[in-house]
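Colleague: Okay, predicted coordinates and the sequence, questions at the end:
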Amino acid sequence: MTFLAAAALAAVTWYPAPDWVDRPDPVASVHARKGGRIRFYGASAPNSHNAYVDSSSYTAMMFSLMYMPLISTDSETMEFVPALAKKWSVSDDGREFTFVLDERAVWSDSHPVSALDVKWTFDTLLDSKTHSGSWKMILGDFFSPEILDADSDRPMTVRFRKKGNAVRNWRDIMHCGTFWIMPYHALKDKDFNKIDFLEAPVGGPYRITRIEEQVETEYSRVTSWWKGDFPSCRHVYNFDKIIMRYYVDNENGFAALKKNSLDVYPVYSARLWAKGAKGKAFDRNWLIKRRVSNHEPVGYQGFLMNMRGFPFDDVRVRKAMAKLIDRVMMNRTMMYNEYFMQNSYFTDLYDGENPCKNELVLFDPEGARKLLEEAGFFKNPETGFLEKNGRVFEFNFLSRSPSDDKILVPFHSVLKNMGIKMNIIRKDFANWMKDMDEFNFQMTWSAMGATIFRNPELMWLSSEADRKQSGNYPGFKSEEVDRLIAEEKSVMSISERNRIYRRIDKLITEQHPYAFLWNISAKRLIYWNKFGMPDTVLSRYSNEEAVLTYWWYDNDKAQELQDAKRNNAFLPSVTVEVDFDAKIGKNK
């Protein structure tokens, strides 16, 4: 290393700590075995298998099995741990981040991983021609990374520096350290927006080996994965084949499960869970139901309104919409009281010491009528429709699934009685996502997940409201929320950040960009009884993605299932309810 590079590495703190050692994942079972396949419900077919281009959570889930970041997080402590990098440093002023790659890291085609891959991935994501959405904002605070040992045959050290006007942010190490690194040597000459990754070299445990458009994608385990023998990677990523199968809606996916065309089905429908999951296969424990309570952050869902234009550019109109959804009745009659009524974008930040004081907006047609009149809407006695300055209250609801109708039909009826015309526009997921990225919608049903490391900037910053492919779908703008987002960036205390998030939550909720629906804090799964899994079923902070990490194909169970079906016999039952803390210990 040159003297200049060595000097650049001075006045820093290095991670992980000198006494850190790679340890087995505490959730992974020593009984896990490699082999077999799993056919997993993949929701609607993605626009792309490139998670930088397609923002679907399922695309990101599978992409993370193909490509690794520089650093990752421990499944229990959420502390940063090595991934492609073996160590990293943060400068004392918090503006420089240096990563030293692990010399053992290679792509699946045996080509060595190097700093060139890091720099190329970063530069490609920031290229104006790349459709990388919010990643441009996430990485935009940094200069293009410097390769400190560029003269080496295999450069292994890369440094990120913050731009001069970018404030210090507690997320900085996460932003520059946790984006997926891709192979420069294999992808540099391809159109990044159109890569399908079929047989492309990967740095993670799985690669794509077959694509049947709109039907399924096959991922095969990389048996020579460079990290496969690390203690933390033993007894995980066990399936030889992962088949992601796509269905236009939940109903089709559930039907496929019962026909044995799927192995595992995450349940998002209360009706399917309560009424559909019945019959001989369930009675005889061939199909198993599990409801897992862990510590995964709770997201939010509701009818998302585009605040950029008529009629939802008025907060009174948006609040009126919330008052016209009889969600308590729907939960009781359609969802079997499986859900709680949502009134927050950060539900899990509230408890007995910090109760949520956001208004819980419930069904109130008369209150909605008054709000609409305040907003200037009055019924035309000749047509029966509400009008404002001669303009009829009419809007399009962008739907991506016929199963939306069970909620839209009663909503449509209430709107019609109120004098509001709602047109349902149906599109498949790919075109729905395209319209969302281009803000080409007025109202839609949207469900958003949550992460341990919250980042309200992506979804609520004013400057993101007009940038296509951003996460600020409603077009929300607030100077006070912008100020609080800027403030929390430099706050190192989690409790203080949570206090700021609660203030942000209150301000957003008061503007009603969503007409909230309901949510559930547990994860529901149905699967054919041929898999082994940890006692906790999932990990502490995960959702169904943990199935692909920790479960394994159990040959003995598979044979027992086959015998039971042939002989019409019963298999041993398991408890439906799984409490993570009770299984692994709350304070571990």
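Modeller: Okay, I see it. Residues are numbered from 1 along each chain as shown.

Colleague: quick check: domain ranges of the protein?
Modeller: 3-28+52-194, 247-293+521-584, 300-519 (automatic domain parsing).

Colleague: so which of these comes closest to Asp229?
Modeller: domain 3-28+52-194 (9.8 Å; CB to CB). Heads up, the C-betas are built off the backbone N, CA and C, glycines and all.

Colleague: what's the closest of the domains of the chain to Phe40?
Modeller: domain 247-293+521-584 (5.3 Å).

Colleague: quick one: Val248 from Ala60, how far?
Modeller: 21 Å (CB to CB, to the nearest Å).

Colleague: What ranges in the stretch 451-588 of the chain fall below the confidence cut-off?
Modeller: Per-residue confidence for the stretch 451-588 of the chain (pLDDT under 70) gives these ranges: 585-588.

Colleague: Would you reformat the domains of the chain as TSV and include distance to Trp226?
Modeller: Shown next, in TSV, are the domains of the chain (distance: least, CB to CB, whole Å):
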stretch	distance to Trp226
domain 3-28+52-194	5
domain 247-293+521-584	18
domain 300-519	27
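
Colleague: Which of those domains sits closest to Ser232?
Modeller: It is, among the domains of the chain and with distance given as CB to CB, domain 3-28+52-194, at 5.1 Å.

Colleague: Quick check: mean pLDDT of the closest one?
Modeller: Predicted confidence along domain 3-28+52-194 averages 92 (mean pLDDT).

Colleague: right, so of the domains of the chain, which gets closest to Thr209?
Modeller: Of all the domains of the chain, domain 3-28+52-194 comes closest under CB to CB, at 11.0 Å.

Colleague: where do the helices sit along the stretch 151-300 of the chain?
Modeller: 172-177, 184-187, 250-258, 270-271, 280-283 (DSSP state H, counting those that start in this stretch).

Colleague: tell me the most buried of those?
Modeller: helix 172-177 (a mean of 21; mean count of other CB atoms under 10 Å).

Colleague: That one - contacts with which helices or strands?
Modeller: strand 80-82, strand 85-91, strand 96-101, helix 135-139 (3 or more CB pairs under 8 Å, 6 or more residues apart in numbering; DSSP states H and E).

Colleague: Out of those, which one sits most buried?
Modeller: Highest mean neighbour count of the helices and strands packed on helix 172-177: strand 96-101, a mean of 24 (counted as mean count of other CB under 10 Å).

Colleague: Just after the longest helix anywhere in the chain, pick out the following helix or strand.
Modeller: The longest helix of the chain (DSSP state H) is helix 494-511. Following helix 494-511 in sequence order, the next helix or strand is strand 514-516 (DSSP states H and E).

Colleague: in its sheet, what does that next one sit against?
Modeller: strand 300-305 (antiparallel) (DSSP bridges).

Colleague: Now tell me what touches the helix or strand just after the strand it pairs with from outside.
Modeller: Following strand 300-305 in sequence order, the next helix or strand is helix 315-323 (DSSP H and E). If you take CB atoms under 8 Å, 6 or more residues apart in numbering as the criterion, helix 315-323 is touched by 303, 305, 307, 311-312, 361-365, 367-369, 371-372, 374-375, 377, 443, 510-513, 515-516.

Colleague: Quick check: buried residues in helix 315-323?
Modeller: For helix 315-323, a neighbour-count test (16 or more other CB atoms under 10 Å) marks 316-323 as buried.

Colleague: and which of those residues is nearest Val236?
Modeller: Distances from Val236 to the buried residues of helix 315-323, taken by CB to CB, are shortest for Ala322, at 42.9 Å.

Colleague: hang on, the earlier thing: out of the helices of the stretch 151-300 of the chain, the one nearest Arg161 is which?
Modeller: That would be, of the helices of the stretch 151-300 of the chain and by CB to CB, helix 172-177, which comes in at 9.5 Å.

Colleague: what's the closest one in contact with?
Modeller: Contacts for helix 172-177 (CB under 8 Å, 6+ apart): 69-71, 80, 85, 88, 90, 94, 97, 99, 138-139, 141-142, 145, 160, 162, 169, 453.

Colleague: can we see that at 7 Å?
Modeller: 69-71, 80, 88, 90, 94, 97, 99, 138-139, 142, 160, 162, 453 (CB atoms under 7 Å, 6 or more residues apart in numbering).

Colleague: Of these, which pair is most distant in space?
Modeller: Pro69 and Gly94 (19.8 Å).

Colleague: The two: who's more crowded?
Modeller: Pro69 (22 against 15; other CB atoms under 10 Å).

Colleague: quick revisit: just the buried ones from the contacts of helix 315-323?
Modeller: 303, 305, 307, 311-312, 361, 363-364, 367-369, 371-372, 375, 377, 443, 511-513, 515-516.

Colleague: ok, so of the buried residues of helix 315-323, who is nearest Ala51?
Modeller: Nearest member of the buried residues of helix 315-323 to Ala51, counting by CB to CB, is Arg318, at 31.3 Å.

Colleague: Chain neighbours aside, what residue packs nearest to that closest one?
Modeller: Closest residue in space to Arg318, ignoring its immediate chain neighbours: His512 at 4.0 Å, by CB to CB, 6 or more residues apart in numbering.

Colleague: And Arg502, by the same measure?
Modeller: Leu349 (5.8 Å).

Colleague: Can you dump the C-alpha atoms of stretch 133-147 in PDB for me?
Modeller: Below are the C-alpha coordinates for stretch 133-147, written out as PDB (Å, rounded to 0.1, in the frame of the first residue of the first chain):
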ATOM      1  CA  GLY A 133     -35.000   4.400  -8.100                       C
ATOM      2  CA  SER A 134     -34.400   5.300  -4.400                       C
ATOM      3  CA  TRP A 135     -30.800   3.900  -4.500                       C
ATOM      4  CA  LYS A 136     -29.800   7.100  -6.200                       C
ATOM      5  CA  MET A 137     -30.800   9.000  -3.100                       C
ATOM      6  CA  ILE A 138     -29.400   6.400  -0.700                       C
ATOM      7  CA  LEU A 139     -25.900   6.500  -2.300                       C
ATOM      8  CA  GLY A 140     -26.100  10.100  -3.500                       C
ATOM      9  CA  ASP A 141     -24.400  11.500  -0.400                       C
ATOM     10  CA  PHE A 142     -21.100   9.800  -1.400                       C
ATOM     11  CA  PHE A 143     -18.500  10.500  -4.000                       C
ATOM     12  CA  SER A 144     -17.600   7.600  -6.300                       C
ATOM     13  CA  PRO A 145     -15.600   5.200  -4.100                       C
ATOM     14  CA  GLU A 146     -11.800   5.300  -4.300                       C
ATOM     15  CA  ILE A 147      -9.800   2.200  -4.800                       C
END
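
Colleague: And it, how far out from the chain middle?
Modeller: Its chain's average C-alpha position is 21 Å from that of stretch 133-147, according to CA atoms, centre = their mean, to the nearest Å.

Colleague: the strands in the stretch 451-588 of the chain, which residues?
Modeller: 514-516, 518-519, 523-528, 531-532, 552-553, 577-579 (DSSP state E, counting those that start in this stretch).

Colleague: Would you format those strands as CSV with distance to Glu496 included?
Modeller: Formatted as CSV, the strands of the stretch 451-588 of the chain follow (distance: least, CB to CB, whole Å):
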stretch, distance to Glu496
strand 514-516, 26
strand 518-519, 26
strand 523-528, 30
strand 531-532, 42
strand 552-553, 42
strand 577-579, 30
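
Colleague: Out of these, which is the most enclosed?
Modeller: Taking mean count of other CB under 10 Å, strand 514-516 is the most buried of the strands of the stretch 451-588 of the chain, at a mean of 24.

Colleague: got a list of contacts for that one?
Modeller: 300, 302-304, 321-322, 325, 342-343, 361.

Colleague: Please list all residues in contact with the closest residue to Met341 other than its chain neighbours.
Modeller: Leaving aside its sequence neighbours, Met341 sits nearest to Trp518 (CB to CB, 6+ apart; 5.7 Å). By CB under 7 Å, 6+ apart, the contact set of Trp518 is 327, 331, 339-342.

Colleague: Determine how far the helix or strand containing Phe40 lies from the middle of the whole chain.
Modeller: Using DSSP H and E, Phe40 falls within strand 37-41. Here strand 37-41 shows a centroid-to-chain-centroid distance of 19 Å under the convention CA atoms, centre = their mean.
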